[in-house]
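Engineer: Sharing a model prediction with you, sequence too.
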Amino acid sequence: MKTEIFNIWPSGDAPGASDSRVQPQIIDLANMFEPHDRAASGVRCPEIALWHPEVSNGITLLVAPGGGYQRIMIDKEGSALAIFFTSMGYTLAVMTYRLPGDGHHEGADAPLADAQRAIRVLRERAQQGLNGKRIVMMGFSAGGHVAASVGTRFGEKIYPTQDAADSRSPRPDALVLVYPVISMRDGLAHAGSRKQLLGAHPDPGSIEDYSLETRVKGDTPQTLLIHAVDDPAVSVNNSMAFFSALRQREVPVELHFYEKGGHGFGIRGVADLPLASWPMLVTEWLRARIWL
């Protein structure tokens, strides 16, 4: 299983990072003898780590891990996915992204800028045969907000053109959202993600603009939503709100609820639970798209 790592932006640091003073840091939250559970913060130079399958099915799965917009869980919701998904023929691309509270020029749109750029870079590479041509974006928790943002706001110009890659479409071919943060509205929002994204006292306009159930259009990519009913951090009503908005716009969508699983189960924390099948559910859903 080959791995490579490359920068999303041509100069390393994102252009908007010039306004920020944060410095990159990675800490390992795992206990001794446990698998790595690294968390990245202070991102200035977003990267993609790419795992190649032995035989490609033509799909690149671009992953935005979660972390409440305070950090990025690059193993539990990133590298840990590699063995399963590459065995199924996917090219797995796990991205880091800048955090909205770190003072970048784009502010709350910094993660969206990085996600748009990541998709464009992967499309440029696909033309050279370096990864699959279909780009499916998967997001976990706050990373689900990143993925749903690019799925609903791909047409917005967030950053200045850098190179030829920026002529490519940043629209994902499909979205897979796992216990996603969707809404910033009272009663729905994950409080920590909202504070990092919009500040302690967001105005009503910003709340609506970053509540992604309000941003769905007819060209939003087809979507698979996966959530545990007993999630204590991000209410299942986030997935329900996005599902309803997609249905209203007649966008193909499936929603799968599991009774138990809590939040942040990733691919490791699923033993002896029915939701252990969620990675296979993703593959079967994509197979039904007539891509595999």
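Structural biologist: Noted; the coordinates are in hand.
Engineer: where exactly do the helices run in the stretch 151-292 of the chain?
Structural biologist: For the stretch 151-292 of the chain, the helices defined by DSSP state H, counting those that start in this stretch cover 191-198, 204-209, 237-248, 278-288.
Engineer: The stretch 1-150 of the chain too?
Structural biologist: 82-87, 110-127, 142-153.
Engineer: Mind checking the ones you listed for the one nearest to Arg268?
Structural biologist: Closest of the helices of the stretch 1-150 of the chain to Arg268 is helix 82-87, at 10.9 Å (criterion: C-beta to C-beta). Placement of C-beta: from N, CA and C, glycine included.
Engineer: pLDDT averaged over the closest one - what is it?
Structural biologist: Mean pLDDT, helix 82-87: 96.
Engineer: hang on, the earlier thing: which stretch among the helices of the stretch 1-150 of the chain is buried most, on average?
Structural biologist: Mean neighbour count, computed with mean count of other C-beta atoms under 10 Å, is highest for helix 142-153 among the helices of the stretch 1-150 of the chain, reaching a mean of 28.
Engineer: Show me how far it is from its chain's centre.
Structural biologist: Centroid separation between helix 142-153 and its chain, computed with C-alpha atoms, centre = their mean, to the nearest Å, is 6 Å.
Engineer: Which neighbouring elements make contact with it?
Structural biologist: The contact analysis (3 or more C-beta pairs under 8 Å, 6 or more residues apart in numbering; DSSP states H and E) places helix 142-153 against strand 59-64, helix 110-127, strand 134-140, strand 174-178, helix 191-198.
Engineer: Could you save the ones you listed as CSV and add columns showing distance to Ile8?
Structural biologist: Listed next are those as CSV, based on distance: least, C-beta to C-beta, whole Å:
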stretch, distance to Ile8
strand 59-64, 11
helix 110-127, 5
strand 134-140, 14
strand 174-178, 19
helix 191-198, 20
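Engineer: out of these, nearest to Phe33?
Structural biologist: So among the helices and strands packed on helix 142-153, strand 134-140 is nearest, using C-beta to C-beta, at 24.8 Å.
Engineer: what does the closest one contact?
Structural biologist: Outside strand 134-140, the residues within contact range by C-beta atoms under 8 Å, 6 or more residues apart in numbering are 58-66, 73, 77, 115, 119, 122-123, 126, 145-148, 150-151, 172-180, 221, 264, 266, 282, 286, 291.
Engineer: could the helices and strands packed on helix 142-153 go into TSV alongside mean pLDDT and distance to Pro160?
Structural biologist: Converted to TSV, those look like this (pLDDT from 0 to 100; distance: least, C-beta to C-beta, whole Å):
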stretch	mean pLDDT	distance to Pro160
strand 59-64	98	22
helix 110-127	98	10
strand 134-140	98	22
strand 174-178	98	26
helix 191-198	98	23
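Engineer: these two touch, right, Asp109 and Ile158?
Structural biologist: Yes. Using C-beta atoms under 8 Å, Asp109 is in contact with Ile158, at 5.2 Å.
Engineer: what helices or strands is the helix or strand bottoming out on mean pLDDT in the chain leaning on?
Structural biologist: The helix or strand of the chain with the poorest confidence is strand 2-7; it has a mean of 90 (mean pLDDT, DSSP states H and E). If contacts are counted by 3+ C-beta pairs under 8 Å, 6+ apart, strand 2-7 sits against strand 47-52.
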